[in-house]
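Asker: just a sequence and a predicted model for now, questions to come.
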Amino acid sequence: MRVHDVHKSYRSRRVLRGVSFGLEPGTLAGVVGENGSGKSTLLRILCGQTAADSGKVEHTGSLGYCPQETVLNDSLTVDQHLSWFRTAYDLDGLDRAEELLEELGFTEYRHTRVEALSGGTRQKLNLTLALMHDPDVLLLDEPYQGFDWETYLRFWDVAARLREQGRCVLVVSHLAWDTQRLDVVLRLRDGVAAPGESDVMRPVTTRGADR
Ligand SMILES: Nc1ncnc2c1ncn2[C@@H]1O[C@H](COP(=O)(O)OP(=O)(O)OP(=O)(O)O)[C@@H](O)[C@H]1O
């Protein structure tokens, strides 16, 4: 994925003022920053849901986006969501979705309507819907909200495996300890460059990936 000089304002509020970075396949990257710094705005621009005012975003392969707000229908079951998205993604089968149900530990809720799911289980489904077509580039906006500790750890196992398989994974995070798990940390500071720097977003850490 290549992002070049992306700008975005909401009326007079200039949120992104020239964001540029590149991510290679097989990278697990994080976007961090204070509340309101523009992390979700950036991800919405990267997936094409929001138009940038200027700048360019390019990527190869398919894209998966897990938004902060769940995209679920209360009156449908987990299985009904999977078949709905299977059709939308034009998939032959649900093999990957079933793996994710196992990995995230919510197989027992397959026949439960979303209205009866806990917040954490809804989020597991939200994440599964973003990953079930095995995309090349994954944009995950605080994907583990509401997860218990064990599921949180399982999420990072899933993310690490995706990286090993050559996927490019970008995760919005608030948690300082998450940065230990990342190859690249992109720090967004209120949409403006830190003093003396030209980009609002810059790699602050680069770790050797376990590849
Ligand atoms: N659709 C919108 N219309 C107007 N202003 C918006 C819109 N979306 C976001 N903003 C504003 O843009 C700024 C960045 O918001 P954004 O949600 O991208 O930040 P964030 O870093 O993801 O925040 P958080 O950590 O709280 O999730 C905020 O000041 C927010 O109020």
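Answerer: Thanks, I have it.

Asker: phi, psi of the closest residue to Tyr65 other than its chain neighbours?
Answerer: Once flanking residues are discounted, Tyr65 sits nearest to Cys47: 3.9 Å by CB to CB, 6 or more residues apart in numbering. The C-beta positions use only the backbone N, C-alpha and C, and glycine is treated the same way. Note on Cys47: its backbone torsions stand at phi -90, psi 0 [degrees, to the nearest 10].

Asker: pretty sure Cys47 is touching Leu139, no?
Answerer: Yes. Using CB atoms under 8 Å as the test, Cys47 is close enough to Leu139 to be in contact (5.3 Å).

Asker: tell me which of these two has more neighbours.
Answerer: A count of neighbours by other CB atoms under 10 Å puts Leu139 above the other of Cys47 and Leu139, at 27 against 19.

Asker: who does the helix or strand that one falls within touch, helix- and strand-wise?
Answerer: Per DSSP states H and E: Leu139 is located in strand 137-141. Under the contact definition 3 or more CB pairs under 8 Å, 6 or more residues apart in numbering; DSSP states H and E, strand 137-141 sits against helix 39-47, strand 63-66, helix 119-131, strand 168-172.

Asker: circling back: who touches both of Cys47 and Leu139?
Answerer: Listed as contacting both Cys47 and Leu139 by CB atoms under 8 Å, 6 or more residues apart in numbering are Leu63, Tyr65.

Asker: the residue nearest to the spatial centre of the chain and the ligand, how far apart?
Answerer: For the chain, the residue nearest the mean C-alpha position is Leu140 (0.8 Å; CA atoms, centre = their mean). According to CB to the nearest ligand atom, to the nearest Å, Leu140 and the ligand sit 13 Å apart.

Asker: surely that residue meets Val172?
Answerer: Yes. Shown here, Leu140 and Val172 form a contact pair, counting by CB under 8 Å, at 6.9 Å.

Asker: ok so, going back, partner residues bridging the residue nearest to the centre of the chain?
Answerer: Leu140 forms beta bridges with Cys66, Val171, as assigned by DSSP bridges.

Asker: picking up where we left off before, which residues are contacting the helix or strand just after the strand holding Leu139?
Answerer: For strand 137-141, the following helix or strand on the C-terminal side (DSSP H and E) is helix 149-164. Under the criterion CB under 8 Å, 6+ apart, residues 26-28, 100, 103-105, 120, 124, 127, 131, 138, 140, 143-144, 147, 169, 171, 181, 183, 209-211 lie in contact with helix 149-164.

Asker: please name every helix or strand in contact with whichever strand or helix holds Arg17.
Answerer: Secondary-structure element containing Arg17, defined by DSSP H and E: strand 13-22. Here strand 13-22 touches strand 2-10, helix 39-47, strand 54-58, strand 201-206, going by 3+ CB pairs under 8 Å, 6+ apart.

Asker: can we see that at 7 Å?
Answerer: strand 2-10, helix 39-47 (3 or more CB pairs under 7 Å, 6 or more residues apart in numbering; DSSP states H and E).

Asker: and these as TSV, adding distance to Asp92 and mean pLDDT?
Answerer: Output for the helices and strands packed on strand 13-22, formatted as TSV (distance: least, CB to CB, whole Å; pLDDT from 0 to 100):
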stretch	distance to Asp92	mean pLDDT
strand 2-10	31	93
helix 39-47	24	95
